[in-house]
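Dropping the sequence and predicted coords here.
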Amino acid sequence: MSIQLWRVAIPLGLYSITSAMFFPISQSFIYWKICLKSEFLSGISPENCTNRAISSSNQYLQTEANRIFLIGSIAMTITGIFSTTLLGKIGDEKSRKLAMIVPLIGLVLADFILLFLTWFIELLN
């Protein structure tokens, strides 16, 4: 493989890996946070929030998590529409590589923020 091909393959591979991490981590974080904050409404004690069998069968927890996923998906779609035009302009005027690196950096930062929030969830309660 030529060096020019590696310049495209490496950022694209990193982007694919980090995007594959984003949704499962965010999903686990949302379920966990809802479970911890709504003990009275869901009927699940904080000790049982890590038990997937209990949390997956709870109607309240599923409804709230899906509502948050829907709002998040809409927000990501709307911001994607606007950022695509901006990245297209950057790619045309400056550099195609820069236009590829910007989403990668954003996704990596989002992954690190989710990991940080998941790791230090007890500090947020």
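Good, I have the coordinates.

in this protein, which spans are helices?
Assigned by DSSP state H, the chain shows helices spanning 3-37, 39-42, 52-56, 59-93, 96-119, 121-124.

tell me the contacts of the closest residue to Tyr15 other than its chain neighbours?
Sequence neighbours aside, Leu104 is the residue nearest to Tyr15 in space, at 4.7 Å (criterion: Cβ to Cβ, 6 or more residues apart in numbering). The C-beta positions use only the backbone N, C-alpha and C, and glycine is treated the same way. Applying Cβ atoms under 8 Å, 6 or more residues apart in numbering to Leu104 gives the contacts Pro11, Leu14, Tyr15, Thr18.

Which members of those are classed as buried?
Neighbour counting by 16 or more other Cβ atoms under 10 Å classes Pro11, Tyr15, Thr18 among these as buried.

Could you single out the nearest of these to Arg96?
Nearest to Arg96 among the buried ones among the contacts of Leu104 is Pro11, at 10.9 Å by Cβ to Cβ.

okay, the closest one: pLDDT?
If you check Pro11, the pLDDT there is 76.
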